[in-house]
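Novice: sequence unavailable; structure follows:
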C-alpha cells in the first residue's frame, strides 16, 4: 500500500479509502487510482486485507458443476452484481461430491468471507448439509436452485408451478406425459418428481414414471440416454409423451430415440414427443428443438445477491417471508412436443 501510494502520488489513507469504499472518493480521485492500477500491475491481497479488518470484501459461491450452463450463467450474474457492490466473488465447485462440498465450506470459513451463495447437494446423510448449516451460524448464506430441508434464505424456481404448466400444455396438446426423472444428485430430483405427480393428480391422471438406470451422477445426458433406451426396448416409448426432469436428460433421450429410428415431434408421422425443463442454452438447437420450461437464472442470481447484500449490511436473521423467493417459469413451445 505504501509503495502504491507513492506511485499514484496520494496519501495512504486516500488509497485505503478507495479499496474499502470507492464511492467515498471524488470521481477524479477514483479515476486517478484506477489508471495507476492499470499501469502499475498492483494487485491487492484480498485474504490479507480480510485479516486486517473486521469486514470481509469477499463473498463465496459454491456450485455443483461450474461447466453446466445454468450454473455458469448463475455464477456470472452473482459475480457481476457482487462486484458492483464492492465485493469479489470466490467460486468453488463441489463437483457433485458431498465430501468436496464439505471441503468447500471449510475453505470459505478459513477465508473469512462476508457471506455466500450456495447451490447445495442437499444430501444430509453425507454430512454436507450439516456443514452448510454450521456455516449459516457464522455468515449470511443464501441457497439457490435446490432448496434445503430446513428454514433458510432460498431463491429458485417454483417446481410445482412450472411442472403444472408444462404438464397442462402437454395434456392439452397430446398424450399425457410419462416422467423421466433425475438421478438423486440433489434435492431437485425428488422435488421435481413430486411436482410432476401433483400436476398429474390435479388433472385426475395417474402418474407414470419411466424405469431409471441404477447408477446416476451429474452426467445427465448419459443417464437420459440410458433411461430412454430402456423405455424403447420395453415398448414404452412409441405413441407416448416423455417429460424429462431437466433439459440435459432430454438431450440424451432425443439421441436414444434417433438411434432407434423413432421420429420425435408433434407433427404427422412422429412416433413420440419429448419435453424438458430449464431452457438450457442448447435446447433451441437440438433436432427437433426442445419444448421446455424457461427458468430465469438471471433473476435467480439477482434476487439471491440482493438478499445476501441486505443481510450482510443489516446483520439480520433469515426472514421467512422476504428471504424466500420461488420464481415462476414459462413454457417454451418448440418442435419436440
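Specialist: That came through fine. Every value quoted in this text rests on a predicted model; they were computed, and no experiment measured them. Numbering: from 1, shown residues only.
Novice: where does the stretch 51-200 of the chain dip in pLDDT?
Specialist: Low-confidence segments of the stretch 51-200 of the chain, defined by pLDDT under 70: 51-55, 123-128.
Novice: and the strands in it?
Specialist: Remark: strands assigned in the stretch 51-200 of the chain by DSSP state E, counting those that start in this stretch are 58-63, 88-93, 115-118, 141-144, 154-157, 177-180.
Novice: can I get these in CSV including mean neighbour count?
Specialist: Bear in mind the C-beta positions are built from the backbone N, C-alpha and C, glycine included. Output for those, formatted as CSV (neighbours: other Cβ atoms under 10 Å):
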stretch, mean neighbour count
strand 58-63, 26
strand 88-93, 18
strand 115-118, 28
strand 141-144, 26
strand 154-157, 25
strand 177-180, 24
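Novice: how does the protein divide up, domain by domain?
Specialist: As given by automatic domain parsing, the domain ranges for the chain are 2-44, 58-157+297-328, 159-294.
Novice: and these: which comes nearest residue 335?
Specialist: Smallest distance to residue 335 across the domains of the chain (Cβ to Cβ): 3.4 Å, for domain 159-294.
Novice: for the closest one, measure first residue to last.
Specialist: Taking Cα to Cα, to the nearest Å as the measure, domain 159-294 stretches 11 Å from start to finish.
Novice: tell me where the stretch 201-337 of the chain has helices.
Specialist: With DSSP state H, counting those that start in this stretch, the ranges of helices along the stretch 201-337 of the chain come out as 220-233, 247-259, 297-314.
Novice: against which helices or strands is the last one packed?
Specialist: Using 3 or more Cβ pairs under 8 Å, 6 or more residues apart in numbering; DSSP states H and E as the contact test, the elements touching helix 297-314 are strand 58-63, helix 69-84, strand 115-118, strand 141-144, strand 154-157, strand 324-327.
Novice: looking at these, spot the one closest to residue 212.
Specialist: helix 69-84 (21.2 Å).
Novice: buried stuff in the closest one?
Specialist: Neighbour-count burial for helix 69-84, with 16 or more other Cβ atoms under 10 Å as criterion, is recorded at 69, 70, 71, 73, 74, 75, 77, 78, 79, 81, 82.
Novice: if we can go back for a sec, ranking the helices of the stretch 201-337 of the chain by mean neighbour count, which comes first?
Specialist: Highest mean neighbour count among the helices of the stretch 201-337 of the chain (mean count of other Cβ atoms under 10 Å): helix 247-259, with a mean of 23.
Novice: what is that helix packed up against?
Specialist: Taking 3+ Cβ pairs under 8 Å, 6+ apart as the contact cut, helix 247-259 packs with strand 177-180, helix 220-233, strand 241-244, strand 273-275.
Novice: state the mean pLDDT of that helix.
Specialist: Mean pLDDT, helix 247-259: 97.
Novice: which residues sit against that helix?
Specialist: 68, 180, 182, 220-229, 232, 237, 242, 244, 263-264, 271-272, 274-280, 282-283, 286-287, 290, 292, 336 (Cβ atoms under 8 Å, 6 or more residues apart in numbering).
Novice: what angle sits between that helix and helix 220-233?
Specialist: 40 degrees (axes from the mean of the first three to the mean of the last three Cα atoms, to 10 degrees).
Novice: can you give me the distance of residue 154 to residue 118?
Specialist: Here residue 154 is placed at a distance of 10 Å from residue 118 (Cβ to Cβ, to the nearest Å).
Novice: hey, what's in contact with both of the two?
Specialist: By Cβ under 8 Å, 6+ apart, the residues touching both residue 154 and residue 118 are 142, 143, 144.
Novice: the last one touches residue 155, doesn't it?
Specialist: Yes: the pair residue 144 and residue 155 qualifies as a contact (Cβ atoms under 8 Å) at a distance of 5.3 Å.
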